[in-house]
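[1] Sequence and predicted structure are below.
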There are 2 protein chains.
Amino acid sequence: MSLISVGTMAFDAIETPFGKVNQIVGGSGTYVAYAASNFISSIKQISIVGFDFPEEEMAELRKRGVDLEGVEVVPDKKSFFWSGKYHLDMNNRDTLVTDLNVLADFNPIVPDSYQGAEFLMLGNLAPNLQLSIINQLKVRPKLIVMDTMNFWMDIAMSDLEAVLKKVDVLMINDGEARQLSGQFSLVKAAKTILEMGPKFLVIKKGEHGALLFHGDHVFYAPALPLEEVFDPTGAGDTFAGGFIGYLAKTKDISFENMKTAIIVGSALASFCVEKFGPNRMKEISKADIDQRLKEFVQLVNFEIDLV
Amino acid sequence: MSLISVGTMAFDAIETPFGKVNQIVGGSGTYVAYAASNFISSIKQISIVGFDFPEEEMAELRKRGVDLEGVEVVPDKKSFFWSGKYHLDMNNRDTLVTDLNVLADFNPIVPDSYQGAEFLMLGNLAPNLQLSIINQLKVRPKLIVMDTMNFWMDIAMSDLEAVLKKVDVLMINDGEARQLSGQFSLVKAAKTILEMGPKFLVIKKGEHGALLFHGDHVFYAPALPLEEVFDPTGAGDTFAGGFIGYLAKTKDISFENMKTAIIVGSALASFCVEKFGPNRMKEISKADIDQRLKEFVQLVNFEIDLV
């Protein structure tokens, strides 16, 4: 199965209580590709970078089976840059700098060779760009997963509503779910959002795990309790990449398999936060992932005879 | 198996976004007794009340198998009174009034008929009172579970440290675990606290569930996602009562069985928050509990073939 992944490839500057990096590769598309490439070898990337994006990073992604034909390289502009600072409670962060650079002119084009992909991951981008990608596909993918953020709810809500009608899975965090639905209770928020288009809703709660809603069903995946969350940057995108990568590998988009995919996404994210940027994602092996999945089984598994 | 439960029996005034009550029965001992009585019929209560505590509440508890010989009734004083207000984020609350009343003179005495109990639940009280109870028992119970709060860490830390050395299970919330250990990471906090005496640590995270630590093992129990948390008062004590009640019923204090006991406690707590005070706890049947336990299995159960 092949996966089209649309998202940013960028530079980040990150400060956490444990250290600081002035420039490290980042971007939602980068994290999705690293995570998903643990499961499938046919990832078709759509993104835009400037002259400064490292060729060795491109080479590393190609080596992992990521097709970069859809990545536009702008020779006279810099790559998208984000700078942020985390405090001890890593569920919140301060954005210090956002330099759009190449992203200001991003007009994603789906290469002909990408047509026919069964899975589509729409990273957090302007909703009109997400919609443009969907409209360019000659055959609707079997599964469309999208991310978004509060910024688009503030300034492009009608575009966002149009995209929501066309996707299968929406992945947002708890604050975004509350804003999008106007409901404080996440159960009520999910009901409202599932009426806006998506058949599945994943609400990410950072260190408190993630919830998957579908009809009247709900599934709860914990986050692995870690001694140290070194740098949470990219954890949400890594989660998404693990989720859709596992679904694409297993070719099963049932609710039951999505439960497992969420655990897989959580396991991948638990690696991501162990080092700055995507560094840890470049090191891990299938054996590492299997070991961590076993830890998740231990973490939530219990026996019960009803009382 | 019999259980000694030490805790307050009191009145609360509660305001939540969904309503207000000016006087309702409350207190940690009351909630523990209602929850545990779903599993065992030999609960030996130790508490203190004033002239105003309702006889019909006592009768209801007796009907559920709660022995009240250890509940001192002070004829010329009022019962302990607490008043609090919750906001939309129910994980935090403002205490408006705390009238100690009878609690100021509480000097708990273990009746002779209570001696030999295999389980002891020490509700949140001054650590020197908790210690006094332990010291009055001629045979050490098979399992001692204790609750405490940040207030005692502030003003009675050395007493608290002395009690911690004598108990098996400590149950506190995430903020209290951080304060007690001086560690922000809950995994590091657990390591520190498990060196202070208890062999098991339960960290309660409200709507985000609970963690059970034991040696290098960790178990994560989610809270059931609810449409409405109507009133969280007593949820932590109900959780504790369900936990120790289930352990006493099953006579198994292994880590594996404690996992199940935490799910049971979570299920009981999910009922408690549906109505003001302990009202919902008086209504539920074994069938209701079984049904909710099935929902917990659905909530966290997943299948995985390692990747």
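    Now that the structure is in, tell me what you want to look at. Residues are numbered from 1 along each chain as shown, chains lettered A, B, ... in the order given.
[2] Let me see the ranges of the strands in the stretch 101-250 of chain A.
    Taking DSSP state E, counting those that start in this stretch as the criterion, the stretch 101-250 of chain A contains strands spanning A:119-122, A:143-147, A:169-173, A:200-204, A:210-214, A:217-221.
[3] and those strands as CSV, adding mean neighbour count, mean pLDDT and distance to chain B?
    C-betas here are computed from N, CA, C, even on glycine. Converted to CSV, the strands of the stretch 101-250 of chain A look like this (neighbours: other CB atoms under 10 Å in any protein chain shown; pLDDT from 0 to 100; distance: least, CB to the nearest CB, whole Å):
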stretch, mean neighbour count, mean pLDDT, distance to chain B
strand A:119-122, 28, 98, 17
strand A:143-147, 25, 98, 18
strand A:169-173, 25, 97, 14
strand A:200-204, 25, 98, 9
strand A:210-214, 23, 98, 6
strand A:217-221, 22, 96, 4
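[4] Which one, of these, ends up nearest to residue B:141?
    strand A:217-221 (33.4 Å; CB to CB).
[5] Alpha carbons of that closest one, as CSV, please.
    C-alpha atoms of strand A:217-221 as CSV (Å, rounded to 0.1, in the frame of the first residue of the first chain):
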residue,chain,number,x,y,z
HIS,A,217,-17.4,3.7,20.6
VAL,A,218,-14.4,5.1,22.4
PHE,A,219,-10.9,3.7,22.9
TYR,A,220,-8.2,5.1,25.3
ALA,A,221,-4.5,4.7,24.6
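[6] What pairs with that strand, parallel or antiparallel?
    In the sheet, strand A:217-221 lines up against strand A:210-214 (antiparallel) (DSSP bridges).
[7] Give me the angle between the partner strand and strand A:169-173.
    Between strand A:210-214 and strand A:169-173, the angle comes out at 150 degrees (axes from the mean of the first three to the mean of the last three CA atoms, to 10 degrees).
[8] residues making contact with strand A:210-214?
    A:186, A:190, A:194, A:199-205, A:218-221, A:223, A:239, A:255, A:258-259, A:262, A:265-266, B:225 (CB atoms under 8 Å, 6 or more residues apart in numbering or on different chains).
[9] CA atoms only for it - export them in PDB, please.
    This file holds the C-alpha atoms of strand A:210-214, laid out as PDB (Å, rounded to 0.1, in the frame of the first residue of the first chain):
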ATOM      1  CA  ALA A 210      -5.100   9.700  23.300                       C
ATOM      2  CA  LEU A 211      -8.800   8.900  22.700                       C
ATOM      3  CA  LEU A 212     -10.300   7.400  19.600                       C
ATOM      4  CA  PHE A 213     -14.000   8.100  18.900                       C
ATOM      5  CA  HIS A 214     -16.100   6.300  16.300                       C
END
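[10] how far is that strand from where the chain is centred?
    15 Å (CA atoms, centre = their mean, to the nearest Å).
[11] One more: stretch A:290-307?
    25 Å.
[12] any residue of it up close to chain B?
    Yes - interface with chain B: stretch A:290-307 contributes A:290, A:293-294, A:297-304, A:306-307 (CB under 8 Å from any CB of the partner chain).
[13] List the buried residues in that stretch.
    A:292, A:293, A:296, A:299, A:300, A:302, A:304, A:307 (16 or more other CB atoms under 10 Å in any protein chain shown).
[14] could you dump these to a markdown table with pLDDT and secondary structure?
    As requested, the buried residues of stretch A:290-307 are exported to a markdown table (pLDDT from 0 to 100; DSSP: H, G, I helix; E, B strand; the rest coil):
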| residue | pLDDT | secondary structure |
| --- | --- | --- |
| A:292 | 96 | helix |
| A:293 | 96 | helix |
| A:296 | 95 | helix |
| A:299 | 95 | helix |
| A:300 | 93 | helix |
| A:302 | 91 | coil |
| A:304 | 84 | coil |
| A:307 | 57 | coil |
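[15] Now render the residues you listed as a markdown table, adding distance to residue B:274.
    Below are those laid out as a markdown table (distance: CB to CB, whole Å):
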| residue | distance to residue B:274 |
| --- | --- |
| A:292 | 36 |
| A:293 | 35 |
| A:296 | 30 |
| A:299 | 28 |
| A:300 | 24 |
| A:302 | 23 |
| A:304 | 22 |
| A:307 | 19 |
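[16] Without its sequence neighbours, what residue ends up closest to residue A:288?
    residue A:271 (7.2 Å; CB to CB, 6 or more residues apart in numbering or on different chains).
[17] need the contact list for that neighbour.
    A:238, A:280, A:281, A:284, A:288, A:289, A:292.
[18] Apart from its chain neighbours, what residue comes closest to residue A:274?
    Closest to residue A:274 by CB to CB, 6+ apart is residue A:280, at 4.7 Å.
[19] my guess is that neighbour meets residue A:272, correct?
    Yes - counting by CB atoms under 8 Å, residue A:280 does reach residue A:272; the two are 6.1 Å apart.
[20] Tell me, what's the model's pLDDT at the spatially most central residue of chain A?
    Nearest to the geometric centre of chain A sits residue A:237, at 2.6 Å (CA atoms, centre = their mean). Turning to residue A:237, the model gives it a pLDDT of 97.
[21] go on, residue A:306?
    66.
[22] likewise residue A:69?
    98.
[23] May I have the phi/psi pair for it?
    phi -60, psi -40 (degrees, to the nearest 10).
[24] Quick one: residues contacting the closest residue to it other than its chain neighbours.
    With sequence-adjacent residues excluded and distances taken as CB to CB, 6+ apart, residue A:69 is closest to residue A:111, at 4.8 Å. With CB under 8 Å, 6+ apart as the criterion, the residues that contact residue A:111 are A:44, A:69, A:70.
[25] can you check residue A:144 too?
    Applying CB under 8 Å, 6+ apart, the residues near residue A:144 are A:120, A:122, A:134, A:166, A:167, A:168, A:169.
[26] Serialize the residues you listed to a markdown table and add fields for distance to residue A:246.
    Formatted as a markdown table, the contacts of residue A:144 follow (distance: CB to CB, whole Å):
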| residue | distance to residue A:246 |
| --- | --- |
| A:120 | 15 |
| A:122 | 18 |
| A:134 | 22 |
| A:166 | 23 |
| A:167 | 18 |
| A:168 | 15 |
| A:169 | 13 |
